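# kindly return the folded structure for what I paste below:
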Amino acid sequence: MFPTEPAAVNNGFSALLKNRAFMLLWIGQLVSQLADKVFFVLMIALLENYSPLPGLAQNSMYSTLMLSFTIPAILFGSAGGLFVDRLPKKLIMIGSDIVRGLLTLCLPLLPREFLILLILTFAISTVTQFFAPAEQAAIPLLVKRENLLAANALFSSTMMGALIVGFAIGEPILSLAKSLMGEQYGQEIVVGGLYILSAAIMQPIKFKEPKSKEHQASNHLWAEFTESLRYLRKNPLILNAMLQLTTLYCVFAALTVLTIQLAEEFGLQEKQFGFFLAAAGVGMVLGAAILGHWGDKLHHKPLPLIGFLIISLVLGVFTFTHNLLLALGLCAFLGVGASLIGVPMQTLIQQQTPSTMHGKVFGFQNHAVNIALALPLAITGPLTDALGLRTVLVAMSIVVVVVGVWAWKNTRKVLQNVI
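Residues are numbered from 1 along each chain as shown. Sure thing, here's the model as predicted:
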């Protein structure tokens, strides 16, 4: 169910391709997303050279590393959004890329201790909390309202394209970099260079920043944070859209941990876990492309509910799958379901939020999502160790269908008000 009117003549991808500023933002975020995914593959690969902390099992070690990405979002997610409303979005995005690039380049110079690796990933994730809301707030500044659905579909497609390249081709890219540039620093140069390249691509963009309220500059950050909470309480439409996005991201957080063991189940190496996530990315690209081209014909359908049902079905069927190609196909189908939730809900939030509140709302969204992510990231590894992979997948299937139906029943009437 789409939060938009039927598309006008100038809707779709063709109008976006003529928008130079949007194209630079799109390409820049694609490179930055690629850097994020390859960096994650690099962290998993480097774990072979790091001794675990006392008392940590192997799967728990993966969960601990992933938590180091999530905890900064819990601590600083909303703060990042508040700074987005105070500072130029271009400065935040370019500065975030440069800092992340430099931190990655420092990796070969640091001691090879697992605690050091956790601190570095914590620092990079902290900087990302400023990039993410600035990026979301920049899209409505560069794109007309009637083209927001296509813009979000394109962003989702390219984000998943980065997922495919980063996870599926990330390991060969890093191996090639290691052989050509040296084992000590080759991989880090590639990842850090991608962040720097993203900053260079976005440099020519010119934003028309919205005029802030006169009193905003003198407001304390805490006052602005409470203002965003009051705004969301008065706008259940935006709050309910965030609920469905949060549920979706929680599923993918758990799958990120599970795919590492899934790789072993299907005879792959642990560092090839990204093939499953890449297959899901292919499905999301397909789903986002369908929404971008034919969204005006599908906007009366209960797409988020269909998406949750698809995800639940795939998780349940996965427990009976032993063929690698079939498993990859199921992951792609799961990605289609995810796009039916993510694209329309993100578009709704952008359309219904005034420009002066973009940073606060997107910062709070990033904050809330990552707080919710902490639980599946923390417990999925230990639960898999204790109960087994198949049991965890069945339990996730049941939880997803229950939460999905519940979320739809609670948001259906609200969403119908904007059709």
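# contacting residues for Ala199?
Taking CB atoms under 8 Å, 6 or more residues apart in numbering, we find Ala199 in contact with 28, 93-95, 97-98, 101. No exception for glycine: its C-beta is placed from N, CA and C like everyone else's.
# nearest residue to it in space, please, no chain neighbours.
Asp97 (3.9 Å; CB to CB, 6 or more residues apart in numbering).
# what of Leu305?
Closest residue in space to Leu305, ignoring its immediate chain neighbours: Trp408 at 4.2 Å, by CB to CB, 6+ apart.
# Phe333 contacts Gly283, correct?
Yes. Phe333 lies in contact with Gly283 (CB atoms under 8 Å); the separation is 5.9 Å.
# so for these two, which sits in the more crowded spot?
Gly283 (24 against 20; other CB atoms under 10 Å).
# residues contacting that one?
Gly283 makes contact with 331-339, according to CB under 8 Å, 6+ apart.
# what about it, which helix or strand?
Under the criterion of DSSP states H and E, Gly283 resides in helix 274-298.
# now do the helix or strand following that helix: which elements does it pack against?
Next helix or strand after helix 274-298 toward the C-terminus (DSSP H and E): helix 303-318. Applying 3 or more CB pairs under 8 Å, 6 or more residues apart in numbering; DSSP states H and E, one finds that helix 303-318 makes contact with helix 236-265, helix 324-352, helix 389-416.
# buried sites along helix 303-318?
For helix 303-318, the neighbour count (16 or more other CB atoms under 10 Å) marks 303-318 as buried.
# chain center to that helix, what's the gap?
Chain-centre distance of helix 303-318: 19 Å, with CA atoms, centre = their mean, to the nearest Å.
# do stretch 94-101 as well
Centroid separation for stretch 94-101 versus its chain: 18 Å, with CA atoms, centre = their mean.
# show residues contacting it.
With contact meaning CB under 8 Å, 6+ apart, stretch 94-101 is reached by 28, 32, 35, 124, 127-128, 130-131, 134, 192-196, 198-199, 202-203.
# buried ones among those residues?
By neighbour count, with 16+ other CB under 10 Å, the contacts of stretch 94-101 hold 28, 32, 35, 124, 127-128, 130-131, 134, 192-196, 198-199, 202 as buried.
# low-confidence ranges, the stretch 101-250 of the chain, go.
The model of the stretch 101-250 of the chain has pLDDT under 70 over residues 157, 159-168, 209-225, 228.
# what's the spacing between the closest residue to Met242 other than its chain neighbours and Ile119?
Among residues not flanking Met242 along the chain, Gln365 sits closest, at 5.4 Å (CB to CB, 6+ apart). Per CB to CB, to the nearest Å, Gln365 is found 27 Å from Ile119.
# same check, this time on Phe22
36 Å.
# tell me which of these two has more neighbours.
More neighbours surround Phe22 than the other of Phe22 and Ile119, with 22 against 13 (other CB under 10 Å).
# with adjacent residues omitted, what lies nearest to that one?
Once flanking residues are discounted, Phe22 sits nearest to Leu142: 4.5 Å by CB to CB, 6+ apart.
# chain center to stretch 319-329, what's the gap?
With CA atoms, centre = their mean, you get 25 Å for stretch 319-329.
# list the buried residues in that stretch.
Buried residues in stretch 319-329 (16+ other CB under 10 Å): 321, 324, 327-329.
# Val401: which of the residues you listed is nearest?
Distance to Val401, by CB to CB, is smallest for Thr321 among the buried residues of stretch 319-329, at 18.4 Å.
# per-residue pLDDT, that closest one?
Thr321 carries a pLDDT value of 78.
# what do you get for Met66?
76.
# try Met43
Looking at Met43, its pLDDT reads 82.
# helices or strands next to the one helix or strand it maps to in the packing?
Here Met43, judged by DSSP H and E, is contained in helix 20-46. Using 3+ CB pairs under 8 Å, 6+ apart, the elements in contact with helix 20-46 are helix 13-17, helix 58-86, helix 89-105, helix 114-142, helix 148-163, helix 170-181, helix 186-202.
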